[in-house]
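Undergrad: Here is my input, please return the structure:
(chains A and B)
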Amino acid sequence: MSVIWQKVWSDVWGNKVRTMLAVLSIAVGVFAVGAIFGMSDQLVVGMDTSHQAVFPSHINTFLMDRIDRDTALALKKNEGVEDVEVLDQVTVRYKINPEDEWGRGAVILRDDYEDQIYDVVQLKEGEWPEGDGIGIERLSAQFFDLDIGDEVIFEMDKTDRALPITGKVRHPFVPPPQFGGDAVFFVDADGMERFNVTEEGFGQLSNVDASRLAQGQLSPFNIPQGEFGQLLVRVEPYSLEFAKEVGSEMKDQLAKENLEVAVTFYQDPEEHWGRIFVEGLNVVLKVLAVVSLFMSLILVLNTITALVTQQTDQIGIIKAIGGTTFTVIKIYLAGVLIFGLLALFVSLPLGAFLAFGITKWFLNLFNIDYEVFQISNRAIVLQVFAAIAAPLIAALWPVLAGATITVREAIASYGLGGDFGSSWLDRTVERVGQRLLSSSYAMALSNMFRRKGRLILTQLVLVTAGATFLMVMSLSSSITHTLDNDLGRRGYDVFLNFDDQYRIDRAVQMAEALDEVEKAEVWFSHSATLLREGQKLKEAGLGADLIGIPMGSDMYQPLIVAGRWLEPGDERVIVIGRETADENNIQVGDTVTLDLAELGDDEWQVVGLYQVIFGGGFSTDAIYAPQQAVFDATKKNNQGSQLYVRTRFHDPDYTAAVDDQLRGEYIGRNMDVFFGQTIHEIREQALSQFGITINMLMFLAVVVAVVGGIGLMGSLSISVVERTREIGVMRAIGARSASIMGMFVMEGVLQGVFSWLIAVPISLIVGRALANALGQTMFEANLDYHYNFQAVIIWLVMILIISTLASVLPARSATRISVRDSLAYA
Amino acid sequence: MNTTYTNGHVVQVKDVVKSFPVGDGEITVLKGISFQVKGGEFVSIVGPSGNGKSTLLNMITGIDRPTDGEVVVTGREVHRMSENQLASWRGENVGIIFQFFQMLPALSLLQNIILPMDFANKYTPKERRERAMHLLERVDLADQAHKLPSMVSGGQQQRAAIARALANDPALLVADEPTGNLDSRTAGDVFDLFSDLVEQGKTMLMVTHDKELARRVPRVLEIIDGKITRDEYVGGAEWAGY
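TA: From the prediction side, this is the model:
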């Protein structure tokens, strides 16, 4: 080993604490980059790969009327149709124990489980459903704690029947139950008849219109054997436009046979539907990873600046005996390279394992198996860059500054540095300390300002940590606030969905007869297809529900993002979802056609656009219109299926009790309630959906806080090394260990409090923009920003704890310096 | 003052040996040194560089410990005390004046002088301030009290360092080359200050290379090669210098 390399090695090995801090500083940032970018890549790739593996259909059509196999398969002859598969899906009520309340579930029938074509479901355990045996979707099995051998009681034509679970099945497109999805069961080709009931009965079957399923608004259907309500189609060659073209032709063709399409969904065969849940989060996480890396680099800059400063005399000697500037640069950059390599060695596997672990957890949540350890190549490249190139770049400035110093400057220093007092800031700080603090603490304050470059860098790290924490906390409270506001726009406490349309006056009268009910309203809804201006009726439109709202209703008003909400006196006007409007270039004021199937079509004017903040995640748009106008269009009157009830008190137990009471009342009068939820249940569902985002953000905030702590610890450790001689002098004039320790801890705490003072206004200013960005990514709407003032106090307490803890180690090392060693130092 | 110590000796050094490990072996810097200093004495320690003068001072101030022998200062067995005990003891009993002044750069001259009183928790905060100002007046630096060390001259820093050494009214003052970084005129002023302090009853030990100053000190201890080669009350006797 050459002498130069020995010098590099002695710098690295000789001061293990400094090396450890430098390596740790780099490693934290590199780890964050590896974990987040690795997770992000694997998540999206894992989702898409899983999606592609099930041969997703391009066109998913739900029919108003049932279709026999031959009619369906005849569509294969249409130009561009690759293949057609038929299936069926109904909504049912089920319970596990006889004393349980009914829960809502879906039963899916596949024509032939052994020979599926599209949207392939997989048997994960047990057997395919056959005869009385049913399959259960495995997420439902996990969430509702059901296993093979358990029995599920289904409501069938007023007769409850228990059927055994014989297999666990994976369905690629079911929403996770914790995100509000229903339990999903599977039956064989004969199985649907079991659920088939007379026209009067409940347990009725429905070809599920997804939007109606989400709202529990289903109509009774009989399902004769060999008839199906859903078509899966692929086109060749695939493009969204071509799929829509083929979908329109199919609708036209079916219409000629008096078969009506309820709704058609178009599905990208390459991209998983769950991407929307992770893409927004990914953006924020990536920003935080870059922030972590940035903080790491500041720590590197800090460490190298200190190293060079501390070794200024050595640099002078190296140069005095013939070393060139390049030699000096080489020595110190080689040290940085070693720090980076060590950091990479630590953080690469840790980042990869965490990335895989989170990806596996997340994908499992989305019902995707992810068992084989994988690593993202992009993440590796980024980590190598973050560990090697980035620190070298960061260190370049202090190394160049040190390397270009002259021999005279380098070896001219003696005594305790005269590095304080030359600026007005120094004098101001000294005066403040003199007036307000004892001399020990005044020194801690002045010491903080002695190395201004290091102070700025350390503050940059701590302020970034603080501002990030405060912004993340504010993001979290903004999400909750947005949900609260969204739920606040709902004036009801209990929502019940009847199995059929019932007389409004009767339903309202029954509800309001209860003392616990303050107000009740029944809304009417009818499926409709929205056609843009000029669009031909035969083209597949946008499946939606036309919901008639009593004018002046204060039960629910969605967030209006353009135009206005419905007003008394309105006639043929509608308020539609902003997303639908954007995708189809519909503006406020435009006239659109609503195709009400057998009731014909009518023109309606769009007066407002609303934004869905929380719609359970999987429902399609509702179109809101004045109730009377909807009655007129559908030639109905005084009928409705959705009951909204405001209770006198609003706590969870009270509303749940009213919910039970109402169900009992209605069922007793043969008005079956198919589905119902209290506002508190909706809130819990929403919070569990956003809980993942909030928890992930909190995790990153903690990582950033830890980086901040490491930064401060590094900075104070360097201060201890630099001030070794001062410590000796203090010892010589009578300072005990506690005094010295107190001085360094106070300096750390002052740094922490100082950073807190700066972080608060920064988070106030930047937080709103970040919340808006997250809101746009998640909901395509700005979050209702709510700065979390509690978090300001929490961060103050945290930064006091972090800065105290970060100071203890360096402060302890300061107390261990003997007077002789310190005065002999350097 | 001196009556409180054993036989009136502020400093008692007995058979002190100090060795430092060097490579596989060791080098002995002090080779069985013994001497005593009575209260109110002014002693200069002289000798060539690297012969053990500063090491001897370190033994007396408890900055370093002897390999063998005993050091009793102000009645305390310095060689047996822990670092914390030493720090407290030093703060109250010994005032140290360094060659490079060693003023803490982040504190004003006034605060530098208050600091030892803070450490010793001696006097009330108001008294500390008044005493520090008084000490600064004594070294003729009252008008510079609020300046930082970097803003005053070397001589002023050394005078402030002397004031700091006096902060807790110690019995013993120890100065290691106190005039080594001062011009001759300023060095003379500092020496006059030391003489005044001794007249007022302080005991003073001073390591110096300055033959002019050494000549003015009543007692000279000469150390060569780790041994005392001369211990005389010279009172202005000739000394060739090193």
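Undergrad: Touching, residue A:588 and residue A:607? I think so.
TA: Yes. Here residue A:588 reaches residue A:607: they are 6.5 Å apart, a contact under Cβ atoms under 8 Å. Yep, even glycine has a C-beta here, placed from its N, CA and C like the rest.
Undergrad: Neighbour count for these two, which is higher?
TA: A side-by-side neighbour count of residue A:588 and residue A:607, using other Cβ atoms under 10 Å in any protein chain shown, places residue A:607 first with 22 against 16.
Undergrad: Overlap in contacts, residue A:588 and residue A:607.
TA: residue A:563 (Cβ atoms under 8 Å, 6 or more residues apart in numbering or on different chains).
Undergrad: and the lengthiest helix in chain B, is it in reach of chain A?
TA: If you go by DSSP state H, chain B has its longest helix at helix B:184-199. No. Using Cβ under 8 Å from any Cβ of the partner chain, helix B:184-199 stays clear of chain A, with a minimum separation of 15.9 Å.
Undergrad: Give me the contact list for that helix.
TA: Outside helix B:184-199, the residues that touch it by Cβ under 8 Å, 6+ apart are B:40-42, B:139, B:153-155, B:158-159, B:162, B:166, B:173, B:175, B:178-179, B:182, B:204, B:206, B:210, B:212-213, B:216.
Undergrad: List the buried residues for that helix?
TA: Within helix B:184-199, the residues scored as buried using 16 or more other Cβ atoms under 10 Å in any protein chain shown are B:186, B:187, B:188, B:189, B:190, B:191, B:193, B:194, B:197, B:198.
Undergrad: Likewise for stretch A:760-775?
TA: By neighbour count with 16+ other Cβ under 10 Å, stretch A:760-775 contains the buried residues A:760, A:762, A:763, A:764, A:767, A:768, A:770, A:771, A:773, A:774, A:775.
Undergrad: can you tell me how far the fourth one sits from residue A:786?
TA: Going back to what we said before, that points to residue A:764. 12 Å (Cβ to Cβ, to the nearest Å).
Undergrad: contacting residues for residue A:791?
TA: Residues in contact with residue A:791 (Cβ under 8 Å, 6+ apart) are A:469, A:470, A:473, A:474, A:477.
Undergrad: So residue A:23 lies in a helix, does it not?
TA: Yes. Counting by DSSP: H, G, I helix; E, B strand; the rest coil, one finds residue A:23 located in a helix.
Undergrad: Verify the stated contact: it with residue A:344.
TA: No. Using Cβ under 8 Å, residue A:23 is not in contact with residue A:344; the gap is 9.6 Å.
Undergrad: CSV for the buried residues of helix B:184-199, including pLDDT?
TA: CSV is the format used below for the buried residues of helix B:184-199 (pLDDT from 0 to 100):
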residue, pLDDT
B:186, 79
B:187, 81
B:188, 83
B:189, 82
B:190, 82
B:191, 86
B:193, 85
B:194, 87
B:197, 88
B:198, 90
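Undergrad: so residue A:32 makes contact with residue A:706?
TA: No. Residue A:32 lies out of contact with residue A:706 (Cβ under 8 Å); the separation is 10.2 Å.
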